[in-house]
Each structure stands twice: as structure tokens, then as C-alpha cells.
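Enquirer: Provided below for reference: sequence and predicted model.
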Amino acid sequence: MKKFEERKFDIPELKGISRKTVEEHLKLYSGYVNHLNLIHEIVENQSNPEYARREAYRRQGFEYGGMRNHEYYFAHFEGGPRPLSQGSILEKKIAEWCGSLDTFKKIFSSLATTRGIGWAMLGYDKKADTLIQYWVDEQHFGHLPGVAPIICLDMWEHSFVADYQPSGKKAYIEDFFANLNWQTAEKNLSDAMRG
């Protein structure tokens, strides 16, 4: 089976999120890629006990979710902050869904302050041709079948505690939007609508 490769990200200096936090966070991402490849080695080796191979499959969702969620997250910072394009399909879909970008940010920020570890997600449901937001526990519980991620915000404490302290979730969320390159979200939507 082909191995998964770690993506490299060109992330500029970010508002509020330190270079040290980004570097440490990228190491966690690297671990997800490595563990996913290890899982595939275990399940492909027929000499491993069947229970060990089944357990590896059970862990696959966590490691895979960790890898892909982080790839969306870090890609949001590449190229530096860029506003949502006026008249873009994403702007129109946000307006259809909740009225305005400001309303979306309020709704999404509320979701992101959910207690516990996980991800605040905005996705696109192609069958319904609509945006939908959802919470993913850990890395993998709560992904919606057929919904393509558009915006992925990591709300595990490792993504913000060193810079914001445990009580700083709201400031971290504000800075995520201040650092967001909306063109990545626009591309995610465009890809999802074509796919």
C-alpha cells in the first residue's frame, strides 16, 4: 500500500498564534501521518495476530482524521490572511445559509467554544447544495458522510493553550479568523462542488 506523506506548509507569522505553537503543532500532525503508515504496516502483515490487525483498523479513523483535519487547518494560514472574495460562491452560500459573514462568524465561534476536545467544522453537503456546520469529537467522531470540509478549526488545547491560556478560547477563535486565508476555504468549496 502506498504510504501517506507529510505535507509541508508555508505558514507566515500569525497574529496571536506563536511560531513555537505552530512548530509543536506541526510535530503532532507529523505523528498522525507516521501512525497512519504504521497502522497500514500492521494490517498488511498477515503474520500479525488477527486481533492486532483489527485493533489497528479501529485506530485508523483517529489517525486519519488527525492527519486530514490538520492539513485543512494549516492550509488556512498559507499565503497570509486574505478576505472572503466579494461575490464568491462561498460568500453567496454563507448568505443563503445564515444571512451574512458576520452572522456566520458568530454562529461558528459559538460552535467552536463547545466544551471538550475536537474540531469546529464548516462543510458542504453536495446533495442538499448547502453549507452545514458540525462538531467533530477528537479527530473522527462526528464527521458527516458526504459532507466535504470547507473550514476546519482545531479546538484541541494544544492549538491554543500555550499562547492564550485555557480561558483564551474566544481570543484564539478571533485570531483564527484574523489569520484565515479565505481563498483556501473558497477553493475547498469549489473542489467539493465539482467532486
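Expert: Happy to help now that I have it. Numbering: from 1, shown residues only.
Enquirer: residue 12 in helix, strand or coil?
Expert: Secondary structure state of residue 12, per DSSP: H, G, I helix; E, B strand; the rest coil, is coil.
Enquirer: please renumber the chain so that the first residue is 55 from this point on.
Expert: From this message on, residue numbering opens at 55, which makes the last subject residue 66.
Enquirer: isn't it right up against residue 76?
Expert: No: using Cβ atoms under 8 Å, residue 66 is not in contact with residue 76, being 9.9 Å away. In this view, the C-beta of every residue, glycine as well, is placed from N, C-alpha and C.
Enquirer: more neighbours, the two?
Expert: Ranked by neighbour count (other Cβ atoms under 10 Å), residue 66 and residue 76 place residue 76 first, with 19 against 13.
Enquirer: any idea how far residue 208 is from that one?
Expert: 11 Å (Cβ to Cβ, to the nearest Å).
Enquirer: quick check, pLDDT for the closest residue to residue 244 other than its chain neighbours.
Expert: Spatial nearest neighbour of residue 244, chain neighbours left out: residue 143 (6.8 Å); criterion: Cβ to Cβ, 6 or more residues apart in numbering. As predicted, residue 143 sits at a pLDDT of 97.
Enquirer: what number of residues lie near residue 143?
Expert: Other residues lying near residue 143 total 13 when counted by other Cβ under 10 Å.
Enquirer: and the residue sitting furthest away from the middle of the chain, its phi and psi?
Expert: Distance from the C-alpha centroid of the chain, by Cα atoms, centre = their mean, peaks at residue 101 (35.5 Å). The phi/psi pair for residue 101 (degrees, to the nearest 10) reads phi -80, psi -10.
Enquirer: quick one: the strands in the protein?
Expert: For the chain, the strands defined by DSSP state E cover 172-179, 184-191, 201-208.
Enquirer: going by contacts, tell me the helices and strands next to the second one.
Expert: The criterion is 3 or more Cβ pairs under 8 Å, 6 or more residues apart in numbering; DSSP states H and E, and the helices and strands that strand 184-191 contacts are helix 143-152, helix 155-166, strand 172-179, strand 201-208.
Enquirer: now do the second one: everything it contacts.
Expert: Counting by Cβ atoms under 8 Å, 6 or more residues apart in numbering, the neighbours of helix 155-166 from elsewhere in the structure are 138, 145, 148, 151-152, 174, 176, 187-189, 205, 207, 209, 223-224, 227-228, 231.
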